[in-house]
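Engineer: Take this sequence and fold it.
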Amino acid sequence: MLVKENTGLIVVDVQGRLARLVDDSQAVLDATAKLIKGAQILGLPVIWLEQNPDKLGETVAEIRELLAPGQHPIQKFHFCAGTEAPFAEAIMHAGVSYWLVCGIESHICVYQTVAGLLQSGYQVEVVQDCISSRSQANRQLGIEKMCALGAHKTSVEMCLYELVEDCRNESFKPILQLIK
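Structural biologist: Numbers count the residues shown, from 1 in each chain. The predicted structure follows:
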């Protein structure tokens, strides 16, 4: 079970034209926005990645606006974020051992980043309604391979309620409003 004191969120490469081209893009962007807002309500550490932003563009506006206050993306060039020193430092300083992961593309950067996290001893929950690729087949393949490596699947609603734990928790009502 996820526990908010030991869980963080990693947002992988939701940027440029690609974010609009992936399978079911609007639903993925909407779900990702809910996930980020929920993580913020719960006070989770959030790490935000951008793959080669000079070529691919910056994070799409509706996601960037949620993350921008006081936070900057970690630029990366490797598909596996774990090979980038700023990312490795950020996850270490976050002080958590469970990571929720969302982003694009499922079969490339999300998959390789999750593989690196698992190899480094972290537990990973792939938020499947916040992950996509240009094709549904590659989206599904990425999720299957991440799970075969030891990641677990979750959804926005499932992980947020798991982190709230109790309807008496002060985060319950804001999370409930977010999910409705």
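Engineer: hey, where'd the helices end up in the protein?
Structural biologist: Taking DSSP state H, the helices of the chain run over residues 18-21, 25-42, 53-56, 61-67, 85-94, 111-119, 136-149, 156-164, 172-179.
Engineer: Pick the most deeply packed of the ones you listed.
Structural biologist: Among those, ranked by average contacts under mean count of other C-beta atoms under 10 Å, first place goes to helix 111-119 (a mean of 22). Where you see a C-beta, it was placed from the backbone N, CA and C, and this is true even at glycine.
Engineer: any idea of the mean pLDDT for that one?
Structural biologist: Across helix 111-119, pLDDT averages out at 98.
Engineer: helices or strands up against that helix?
Structural biologist: Applying 3 or more C-beta pairs under 8 Å, 6 or more residues apart in numbering; DSSP states H and E, one finds that helix 111-119 contacts strand 7-12, strand 98-104, strand 123-132, helix 136-149.
Engineer: about what we covered before: dump the helices of the chain into CSV; add distance to Glu125 as well.
Structural biologist: Formatted as CSV, the helices of the chain follow (distance: least, C-beta to C-beta, whole Å):
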stretch, distance to Glu125
helix 18-21, 22
helix 25-42, 11
helix 53-56, 26
helix 61-67, 19
helix 85-94, 15
helix 111-119, 10
helix 136-149, 10
helix 156-164, 6
helix 172-179, 16
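Engineer: Identify the bridge partners of the residue lying closest to Pro86 once chain neighbours are set aside.
Structural biologist: Residue nearest to Pro86 in three dimensions, not counting chain neighbours: Ile74, with 4.9 Å by C-beta to C-beta, 6 or more residues apart in numbering. In this entry, Ile74 is beta-bridged to Leu49, by DSSP bridges.
Engineer: neighbours of Ile74, just the number please.
Structural biologist: Neighbours of Ile74 under the rule other C-beta atoms under 10 Å: 19.
Engineer: do the same with Ser171
Structural biologist: By other C-beta under 10 Å, neighbour count at Ser171 equals 18.
Engineer: pretty sure it contacts Glu162?
Structural biologist: No - taking C-beta atoms under 8 Å as the definition, Ser171 is not a contact partner of Glu162, at 11.9 Å.
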